[in-house]
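**Q** quick one, what's the 3D model for this:
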Amino acid sequence: MQLAFCLYKYFPFGGLQRDFLRIALACQARGHAIRVYTLAWEGEVPNGFELVVVPVTAFSNVRRYARFGDWVARDLARRPADRVIGFNKMPGLDVYFAADPCYEEKARTLRNPLYRLSARYRHFAAHERAVFAPESRTEILMISQVQQPFFERHYGTPQARFHLLPPGISPDRRAPANAAGIRADFRREFGLGEDDLLLLQVGSGFKTKGLDRSLKALAGLPEALRARTRLIVIGQDDPAPFLRLARSLGVAERVAILPGRSDIPRFLLGADLLIHPAYNENTGTVLLEALVAGLPVLATAVCGYAHYIEEADGGRVVGEPFAQEALDAALAQMLSDPAARRRWRANALRFAETADIYSNAERAADLILGERA
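**A** Numbers count the residues shown, from 1 in each chain. Got it, this is the predicted structure:
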């Protein structure tokens, strides 16, 4: 079959983008042709992919997204595809991969009522309705159960159109046999002594991921513990406001913010704790990537994948409603208790052996291609 995948932007370090690529490659491996529509592509294009960088411009992202959808619809009318798969909400999709939370729920609970008079709201609400309305035929691939009740409440979407996928953790995130050697080399490279502690945060969109909360928790550590703790942050975003916050909190010399990179497994093996105090997170793939690498995790309960931390007994989850004091206390306790970290590491590695957290792409390909109900 000819498959058409649609997403606004591809770059190698985004969670949605990596999910898209794994699923598209899984479909290609079964003999199907891949066409990709996008506004921007960074990085290598896989062999055999037909990449269509849609040539539309506009002063606002909302208008650009609208023009993108219109252009893609016209091109598909000229060059039809057997399946149209979207990784952003838009009309005309056969399948939607639901990486993003319910927009209508956020608009009604987190915004002023006047927000719903804006052009931005009208655009995104209409595109979400095109996917989730009862009369739509779009099949919906869910990667977390957290958001499904919101879609059902606002749109009355039939339950039969929802298909829950297992997580899609890349096997290269699992701790290899030489994990201890990789950790030792990493810590030498970054100048980390035996008593030093490395706190790691990974994820693009620093505001949503709660980097401000991490910086405050670092600053709130007891002085002796703070003096031997470093925080490395990796992601695609503007670091400037967070570096200013780090300076104002007196921890700038303990913090490094790095752009997205491809050697995340080394950092997972070299760190002592992953922190992920997100404000809003449909899933949180990095939580599972840390667990399968044997890295204990501290995360907020809003993350769709936070329950895996508790199931694995691989760290701690800060409950809702969020309180900075609770995060501060949990971080201090986890960093000051090496025996607990060893226990969480062992538990996480056992969890990685048996949990069904690797088959997202294959299951998604089954559903896209109609090979499994």
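**Q** quick one: the strands in the stretch 51-200 of the chain?
**A** Ranges of strands in the stretch 51-200 of the chain, per DSSP state E, counting those that start in this stretch, are 83-86, 95-98, 139-142, 162-164, 197-202.
**Q** go on, the stretch 251-373 of the chain?
**A** Under DSSP E, counting those that start in this stretch, the stretch 251-373 of the chain gives strands at 255-258, 273-276, 297-300, 315-318.
**Q** for the first one, list the C-alpha coordinates in CSV.
**A** Read that as strand 255-258. Below are the C-alpha coordinates for strand 255-258, written out as CSV (Å, rounded to 0.1, in the frame of the first residue of the first chain):
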residue,chain,number,x,y,z
VAL,A,255,23.9,23.1,36.0
ALA,A,256,24.6,22.4,32.3
ILE,A,257,21.9,22.6,29.6
LEU,A,258,22.8,20.8,26.4
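**Q** next, the buried residues of it.
**A** Within strand 255-258, the residues that qualify as buried are 255, 257, counting by 16 or more other CB atoms under 10 Å. The C-beta positions use only the backbone N, C-alpha and C, and glycine is treated the same way.
**Q** need the contact partners of it.
**A** With contact meaning CB atoms under 8 Å, 6 or more residues apart in numbering, strand 255-258 is reached by 206, 215, 218, 230-235, 239, 242-243, 246.
**Q** partners of it, with directions?
**A** Strand 255-258 pairs in its sheet with strand 229-234 (parallel), by DSSP bridges.
**Q** what angle do the strand it pairs with and strand 197-202 make?
**A** Strand 229-234 and strand 197-202 are oriented at 20 degrees to each other (axes from the mean of the first three to the mean of the last three CA atoms, to 10 degrees).
**Q** show the average pLDDT along strand 229-234.
**A** In this model, strand 229-234 carries a mean pLDDT of 98.
**Q** please pick out the residue of this protein most distant from its centre.
**A** Within the chain, Arg78 marks the point farthest from the mean C-alpha position, 34.2 Å out by CA atoms, centre = their mean.
**Q** state the distance from that residue to Ile85.
**A** Distance of Arg78 to Ile85, computed by CB to CB, to the nearest Å: 19 Å.
**Q** can you check Gly48 too?
**A** According to CB to CB, Gly48 stands 17 Å off from Ile85.
**Q** ok, the two, which is more surrounded?
**A** Neighbour totals were compared for Gly48 and Ile85, and Ile85 leads with 27 against 9 (other CB atoms under 10 Å).
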